[in-house]
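In: Here is a sequence together with a model predicted from it:
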Amino acid sequence: MELFDVYSLFDVTPVRAQGCRVWDDKGTEYLDLYGGHAVISVGHSHPDYVKALTSQLGKIGFYSNSVQNPLQQQLAHELGEASGYPDYSLFLDNSGAESNENAAKLASFHTGKDRIIAFRKSFHGRTSGAVALTDNPAIVSPFNANHKVTFCGLGDVAAVESALKGGDVAAVIIEGIQGCGGINLPSDDFLRQLRSLCDKYGACLILDEVQSGYGRTGKFFAHQWAGIRPDIITMGKGIANGFPCGGILVSPKFKAVKGMLGTTFGGNYLAMAGAIAVLDIIRRENLIENALKVGEYIKNNIPASPVIREVRGRGLMLGIEFNTEVAPIRKALLFEDHIFTGVAGKNMIRLLAPLCLSFDEADEFLEAFGKRI
């Protein structure tokens, strides 16, 4: 049997990692400026994280959600305090896509409506409902297209209000910062206007913080720069630093009904041990503050070049947009400078480094990057 060949793979085989460093099977050391799609939040193989997971595995690794799991309640309490949402409730699942599915379903249950407003260049995941909310025809099958979704331009207040006037909109979903779509930041004023429009027309506001959350932008969630409070916040990626985990934070306005949401693996003991360790490490090591400072340092020190159109983002969620295709630059960074980076489309280098990235490591990237442009 062979693997179903859907991934374009680089000829690199990582076998070990520590902090912001990765080593392959040939012993080559790489600087990780991508964190496996923003998943590695507190650094690879952090000793406290490893200890938490291995210790928990020696006790109990899994049982279903038909019994009490005190670690879930511990995470809920600590996450509420860390995020600034102690009055919200937490539902746990396994990934960002699943979180967005559950958020849309909960909004529809709550409002009795069946349409969602999403935005051009959005990406919300690859499961059925999440794909329908994603503005990428290449991954939308005929089955996915059956969902009722209206796409508006990012920042287009008039289009959003026009769609809301139809009276059938359960929710507006928006990323704190669009990641796959090109590190596009909704303005703080636009987010505030969305909050007002949702209140006016009886729709829920869902903030997808799967990639932009967990301290990556210098706030716990990116939308907190705008000073708003969404009805539902979706999470994934960096919650448990590589162990699959996702969840939604739910406003007190929602009523929980037995059986309305569910999951087999969500909130399992190992995920909870990892997620609790992540929050503790973020707090003790001031990683949110570090992400903002080091990210701004990189952003402000990208060398000026006629081939660079714009550098945008917040904290350690950065995009460097070029006038030309970036594949050759990314390949040179990987195979000659030994630095992992990502892309967003054909013209953007995307940086999603672990939140523990140091200034020295930032300088290492900047020096290498300067030679490639």
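Out: Perfect, I can see it now.
In: hey, let's count contacts and neighbours off CA atoms from now on
Out: Fine.
In: pLDDT score assigned to the residue positioned nearest the centre of the chain?
Out: What sits nearest the mean C-alpha location of the chain, by C-alpha atoms, centre = their mean, is Q211, with 1.4 Å. With respect to pLDDT, Q211 scores 98.
In: That one and K346, how far apart?
Out: Relative to K346, Q211 is positioned 20 Å away (C-alpha to C-alpha, to the nearest Å).
In: Check R16 too.
Out: 30 Å.
In: cool, and E325?
Out: With C-alpha to C-alpha as the criterion, E325 and K346 are 5 Å apart.
In: Ok, V12 next?
Out: Taking C-alpha to C-alpha, one finds V12 at 21 Å from K346.
In: Next: Y269.
Out: Plainly put, Y269 is 40 Å away from K346 if you go by C-alpha to C-alpha.
In: now swap in V140 and tell me
Out: Distance, V140 to K346, using C-alpha to C-alpha: 20 Å.
In: Over to A145?
Out: Distance from A145 to K346, by C-alpha to C-alpha: 26 Å.
In: Likewise for G36?
Out: 19 Å.
In: Would you mind telling me which of those two has more residues around it?
Out: Set G36 next to K346 and count neighbours by other C-alpha atoms under 10 Å: G36 wins out with 19 against 14.
In: contacts for stretch 223-239?
Out: Stretch 223-239 is contacted by residues 37-41, 94-96, 99-100, 103, 176, 188-189, 191-192, 195, 204-211, 213-214, 219, 244-251, 253, 275, 278 when judged by C-alpha atoms under 8 Å, 6 or more residues apart in numbering.
In: can you tell me the distance between the two ends of that stretch?
Out: Start-to-end span of stretch 223-239 (C-alpha to C-alpha) is 17 Å.
In: for the record, mean pLDDT for that stretch?
Out: 98.
In: Kindly report the same for stretch 55-71.
Out: On average, stretch 55-71 scores 97.
In: For it, buried residues please.
Out: By neighbour count on 16 or more other C-alpha atoms under 10 Å, the buried set for stretch 55-71 is 56, 69, 71.
In: Extract the C-alpha trace of it and format it as CSV.
Out: What follows is stretch 55-71, C-alpha atoms only, in CSV (Å, rounded to 0.1, in the frame of the first residue of the first chain):
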residue,chain,number,x,y,z
SER,A,55,3.6,11.8,32.8
GLN,A,56,-0.1,11.8,31.8
LEU,A,57,0.4,8.9,29.5
GLY,A,58,1.7,6.9,32.4
LYS,A,59,-1.6,7.5,34.2
ILE,A,60,-4.4,7.4,31.7
GLY,A,61,-4.2,8.4,28.0
PHE,A,62,-7.8,8.2,26.9
TYR,A,63,-11.4,7.6,27.9
SER,A,64,-14.6,8.9,26.4
ASN,A,65,-16.5,12.1,27.3
SER,A,66,-19.1,9.9,29.0
VAL,A,67,-17.1,10.3,32.3
GLN,A,68,-15.7,13.3,34.1
ASN,A,69,-12.2,14.5,33.2
PRO,A,70,-10.9,17.1,35.7
LEU,A,71,-8.2,18.2,33.3
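In: where along the stretch 151-300 of the chain do the helices fall?
Out: For the stretch 151-300 of the chain, the helices defined by DSSP state H, counting those that start in this stretch occupy 157-164, 188-201, 269-284, 287-301.
In: could the ones you listed be laid out in JSON lines, adding distance to G80, mean pLDDT and mean neighbour count?
Out: Shown next, in JSON lines, are the helices of the stretch 151-300 of the chain (distance: least, C-alpha to C-alpha, whole Å; pLDDT from 0 to 100; neighbours: other C-alpha atoms under 10 Å):
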{"stretch": "helix 157-164", "distance to G80": "30", "mean pLDDT": "98", "mean neighbour count": "16"}
{"stretch": "helix 188-201", "distance to G80": "21", "mean pLDDT": "98", "mean neighbour count": "17"}
{"stretch": "helix 269-284", "distance to G80": "11", "mean pLDDT": "98", "mean neighbour count": "22"}
{"stretch": "helix 287-301", "distance to G80": "16", "mean pLDDT": "98", "mean neighbour count": "20"}
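In: can you put the ones you listed in TSV and add distance to L3?
Out: Output for the helices of the stretch 151-300 of the chain, formatted as TSV (distance: least, C-alpha to C-alpha, whole Å):
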stretch	distance to L3
helix 157-164	42
helix 188-201	42
helix 269-284	26
helix 287-301	37
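In: Out of the ones you listed, the one nearest L90 is which?
Out: helix 269-284 (12.5 Å; C-alpha to C-alpha).
In: rewinding a little: which of the buried residues of stretch 55-71 lies closest to L292?
Out: Using C-alpha to C-alpha, L71 is the member of these that sits closest to L292, with 29.7 Å.
In: And G274, how far from G58?
Out: Distance, G274 to G58, by C-alpha to C-alpha: 14 Å.
In: An error on my part: the question was meant for G80.
Out: For G80, the distance to G58 (C-alpha to C-alpha) stands at 28 Å.
In: Please apply the same query to H147.
Out: 44 Å.
In: what about the helices in the stretch 1-150 of the chain?
Out: Under DSSP H, counting those that start in this stretch, the stretch 1-150 of the chain gives helices at 35-38, 47-57, 70-83, 96-111, 128-132.
In: Of those, which is nearest E367?
Out: helix 35-38 (19.8 Å).
In: contacts for the least confident helix or strand in the chain by mean pLDDT?
Out: Ranked by mean pLDDT, DSSP states H and E, the weakest helix or strand in the chain is helix 128-132, scoring a mean of 95. Residues outside helix 128-132 that contact it (C-alpha under 8 Å, 6+ apart) are 97-98, 100-101, 123-125, 139-140, 143-147, 149.
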